[in-house]
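**Student:** Sequence and predicted structure, then a few things I'm wondering about:
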Amino acid sequence: MTSHSPSLQGNSGHPLSSFETMPDWLFYIPVVTYYILLGLRYGDLCLPTAANPRIETGGLCGESKSGILDLAGSVASQWIAPYVTVTTSTKDYERALESMKKKGLTLPAVVKPDIGCNGSGVKLIRTYEELADILAAFPRGVKLVIQKLIPYRHEAGLFYIRHPDRPNGIISSLTYKDIPTLTGNGRDTILSLLRQDPRASLLLDVYTPRLKDRLEEVLPEGQTLDLVFAGNHCKGSIFRNGKDDITPALTRRLDEIMKDIPDFHFGRVDVKFDSVESLREGKNFEIIEINGIGSEATHIWDSKTTLREAYATQFHHYHEAFLIGAKKRKEGWKPCPLFYGFRLWFRQRDLIASYPLND
């Protein structure tokens, strides 16, 4: 298996980290414990939700993806991939076409739930027949985002932090999200190729469900097959630490963009970009999503990252979230009420369970 990497540095010899397949509940026990201790120290478990006070729960859970993008001013909006929204109903296809026409959106495009996480329900649509089918595959009354498919092959997550009492922000993490591929040899089936690969063989339960109709297909020699579309670690993408490519030029550019989103101080900005060289210069990228305090500095999922380093990163970022939340509280902003946050989390969980399998 290979990956479409934006640089020549890969993870050869490191198919998975020591904790990559650890159950979520087990991995996050120290993180949740640390979060609770911070909440007790600051007197409010929900204090980080005030870090991005114009976003529901600060982006911890249940927030609207389009609602965050809608906050962008004239500067930031130039860097965001065009999108429209539609709520599934008996006339959703017609309304989707009308909205796309007004926005100048054409196919191919990406459809994703307005409320969700980890790439759940994200679908690539190439034809209008697929658009109709995908809209019908979602439950009724679900708000969806239809977004321009960015032609750039590469994707990255940029974690942005700006304290409200400081003039400029920083990029605390840069993660490359590589699409894993198989290359055919004209003899072996897709399932056989998956089983032969050092990484994919350990993640068959991740890759085989979306390839179930093609597992016995023999790939022609030299032909490649993308194993995933959504750039999410838990869906099978390969994450690599790109900290060496955080430059002053990229930081200045992202700072300029994020300052044009009112009261946004903490979260991850997911972008598609042309090349590492242009990204380092703060050029030739488009934002596909902005995530709040519920997002991670995803470089921790680089297979070379140690468990100690992963926890140190998590602890640092949550401490920053509490610090910023405390400063925003002094400005008069109020954190999200605890029980309201739980209600939104349960709602998000139920919605995600109803979405079709992502691409």
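**Tutor:** The structure has been received and is ready for your questions.
**Student:** Strands along the stretch 251-359 of the chain, start to end?
**Tutor:** Assigned by DSSP state E, counting those that start in this stretch, the strands in the stretch 251-359 of the chain fall at 266-273, 285-291.
**Student:** Which residue ranges of the stretch 51-200 of the chain form helices?
**Tutor:** Taking DSSP state H, counting those that start in this stretch as the criterion, the stretch 51-200 of the chain contains helices spanning 65-70, 74-77, 92-103, 128-137, 190-196.
**Student:** any idea of the angle the longest one forms with helix 128-137?
**Tutor:** Which is helix 92-103. 120 degrees (axes from the mean of the first three to the mean of the last three Cα atoms, to 10 degrees).
**Student:** What are the buried residues along helix 92-103?
**Tutor:** Along helix 92-103, these residues count as buried under the neighbour rule (16 or more other Cβ atoms under 10 Å): 92, 93, 95, 96, 97, 100. (Glycine included, C-beta is placed from N, CA and C.)
**Student:** want to throw the helices of the stretch 51-200 of the chain into CSV with distance to residue 208?
**Tutor:** Formatted as CSV, the helices of the stretch 51-200 of the chain follow (distance: least, Cβ to Cβ, whole Å):
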stretch, distance to residue 208
helix 65-70, 28
helix 74-77, 40
helix 92-103, 31
helix 128-137, 20
helix 190-196, 7
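**Student:** Enumerate every residue touching residue 259.
**Tutor:** With contacts defined as Cβ atoms under 8 Å, 6 or more residues apart in numbering, residue 259 is in contact with 162, 169.
**Student:** can you give me phi and psi for it?
**Tutor:** In this entry, residue 259 is assigned phi and psi values of phi -70, psi -20 (degrees, to the nearest 10).
**Student:** Tell me how far it lies from residue 162.
**Tutor:** Between residue 259 and residue 162 the distance is 8 Å, computed by Cβ to Cβ, to the nearest Å.
**Student:** Could I get the phi/psi values of the residue of the chain most remote from its centre?
**Tutor:** Farthest-out residue of the chain from its mean C-alpha position, per Cα atoms, centre = their mean: residue 187, at 35.7 Å. Note on residue 187: backbone dihedrals following degrees, to the nearest 10 are phi -120, psi -50.
**Student:** So for it, what's the nearest residue that isn't a sequence neighbour?
**Tutor:** Take residue 187 and drop its neighbours on the chain: the residue closest to it by Cβ to Cβ, 6 or more residues apart in numbering is residue 218, 6.8 Å away.
**Student:** Near that neighbour, how many residues? Count them for me, please.
**Tutor:** Neighbouring residues of residue 218 were enumerated by other Cβ atoms under 10 Å; the total is 15.
**Student:** who are the neighbours of the helix ranked longest in the chain, in terms of helices and strands?
**Tutor:** Longest among the helix segments of the chain by residue count, using DSSP state H, is helix 307-330. Helix 307-330 is packed against helix 29-42, strand 154-161, strand 170-178, strand 266-273, with contacts defined by 3 or more Cβ pairs under 8 Å, 6 or more residues apart in numbering; DSSP states H and E.
**Student:** could these go into a markdown table alongside mean neighbour count?
**Tutor:** Formatted as a markdown table, the entries for the helices and strands packed on helix 307-330 read as follows, by neighbours: other Cβ atoms under 10 Å:
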| stretch | mean neighbour count |
| --- | --- |
| helix 29-42 | 14 |
| strand 154-161 | 24 |
| strand 170-178 | 23 |
| strand 266-273 | 24 |
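**Student:** how about these in a markdown table, adding mean pLDDT and distance to residue 343?
**Tutor:** Rendered in a markdown table, the data for those read as follows (pLDDT from 0 to 100; distance: least, Cβ to Cβ, whole Å):
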| stretch | mean pLDDT | distance to residue 343 |
| --- | --- | --- |
| helix 29-42 | 97 | 18 |
| strand 154-161 | 97 | 28 |
| strand 170-178 | 96 | 30 |
| strand 266-273 | 97 | 22 |
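**Student:** Which one of the ones you listed lies nearest to residue 248?
**Tutor:** With Cβ to Cβ as the measure, strand 170-178 is the member of these nearest residue 248 (10.1 Å).
**Student:** Now for residue 241: which residues touch it?
**Tutor:** Residue 241 is in contact with 174, 175, 176, 299, 302, 304, 305, counting by Cβ under 8 Å, 6+ apart.
**Student:** Mind checking the pLDDT average for stretch 181-201?
**Tutor:** Here the mean pLDDT over stretch 181-201 is 94, rounded to a whole number.
**Student:** now that stretch, how far from the centre of its chain.
**Tutor:** Relative to its chain's centre, stretch 181-201 lies at 27 Å (Cα atoms, centre = their mean, to the nearest Å).
**Student:** what does that stretch contact?
**Tutor:** Contact with stretch 181-201 is made by 1-4, 15-16, 180, 204, 207-208, 211, 214-227, 238, as judged by Cβ under 8 Å, 6+ apart.
**Student:** Just the buried residues of that stretch, please?
**Tutor:** Counting neighbours by 16+ other Cβ under 10 Å, one finds that the buried residues in stretch 181-201 are 182, 184, 190, 191, 192, 193, 194, 197, 199, 200.
**Student:** Among these, list the two that are farthest apart in space.
**Tutor:** Most distant of those, by Cβ to Cβ, are 184 and 199, 17.5 Å apart.
**Student:** neighbours around residue 289, how many?
**Tutor:** 23.
**Student:** what do you get for the one 3 residues further on?
**Tutor:** By other Cβ under 10 Å, the residues close to residue 292 number 24.
**Student:** Next up, the contacts around residue 107.
**Tutor:** With contacts defined as Cβ under 8 Å, 6+ apart, residue 107 is in contact with 125, 126, 127, 128, 131, 149.
**Student:** Mind giving me the ChimeraX command for buried ones among the residues you listed?
**Tutor:** The buried subset of these, as determined by 16+ other Cβ under 10 Å, is captured in ChimeraX by this line:
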select :125,131,149
